[in-house]
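J.: Here is my input; please provide its structure:
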Amino acid sequence: MKVRVAINPAFAEDQVQIEARELTPAISDLVTYAKQMDKRPTSLTVKKGEEVYLLEWSDIARLYLENRILQVKASSICYQSSLRLYQVKEILPEYFLQISQSEIINLKQLNHLQLTPNGLVKLVLNNKDVTYSSRRYLKNIKEALHL
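T.: I've put the predicted structure just below:
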């Protein structure tokens, strides 16, 4: 598949054009993805106490459940979200990866990882947080990180 990008300040608006021999499932998925791009939020609304913040996706290091409340960690500050983990997962950019049933990390915030002898993956984030994957998600993690 060839990809061609044309940048021109004279264009009135951004446009995606797909040329194909036939409509395949891959082309249909691409069309659906392109249509959804403008509808995806670029930030997440969170709370810290009574204050409400808008966090950009790139600032978020990890999202995890603690006492059935979604915690959102950005830098060294922890916020709370009223959304469920599965709801946030649907709107996250592709550089977020679920590592257990109750945790998702930002791969751009991953500093390094270590495979442990018991089959888990120890993940160290840029903000010095350390977390572990569950065995159930090991295959997904290895695929996402090309291990």
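J.: Show me where this structure dips below the pLDDT cut-off.
T.: 37-40 (pLDDT under 70).
J.: For it, which segments count as strands?
T.: Here the chain has its strands, by DSSP state E, at 43-48, 51-56, 60-66, 69-74, 77-81, 96-100, 103-106, 110-115, 121-125, 130-132.
J.: Out of the ones you listed, flag the one nearest residue 4.
T.: Minimum separation from residue 4 across those (CB to CB) falls at strand 96-100, 28.6 Å. To be clear about C-beta, it is placed using only N, CA and C from the backbone, and glycine gets the same treatment.
J.: For that closest one, name the packing helices and strands.
T.: strand 103-106, strand 130-132, helix 138-144 (3 or more CB pairs under 8 Å, 6 or more residues apart in numbering; DSSP states H and E).
J.: Serialize the ones you listed to CSV and add fields for mean neighbour count and distance to residue 114.
T.: CSV is the format used below for the helices and strands packed on strand 96-100 (neighbours: other CB atoms under 10 Å; distance: least, CB to CB, whole Å):
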stretch, mean neighbour count, distance to residue 114
strand 103-106, 22, 14
strand 130-132, 14, 10
helix 138-144, 14, 12
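J.: Now tabulate those in a markdown table and tack on distance to residue 5.
T.: Formatted as a markdown table, the helices and strands packed on strand 96-100 follow (distance: least, CB to CB, whole Å):
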| stretch | distance to residue 5 |
| --- | --- |
| strand 103-106 | 26 |
| strand 130-132 | 37 |
| helix 138-144 | 25 |
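J.: Out of the strands of the chain, which gets nearest to residue 143?
T.: strand 96-100 (9.7 Å).
J.: Distance to residue 21 for the strands of the chain - can I get that in JSON lines?
T.: Formatted as JSON lines, the strands of the chain follow (distance: least, CB to CB, whole Å):
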{"stretch": "strand 43-48", "distance to residue 21": "39"}
{"stretch": "strand 51-56", "distance to residue 21": "40"}
{"stretch": "strand 60-66", "distance to residue 21": "41"}
{"stretch": "strand 69-74", "distance to residue 21": "45"}
{"stretch": "strand 77-81", "distance to residue 21": "44"}
{"stretch": "strand 96-100", "distance to residue 21": "34"}
{"stretch": "strand 103-106", "distance to residue 21": "38"}
{"stretch": "strand 110-115", "distance to residue 21": "39"}
{"stretch": "strand 121-125", "distance to residue 21": "42"}
{"stretch": "strand 130-132", "distance to residue 21": "46"}
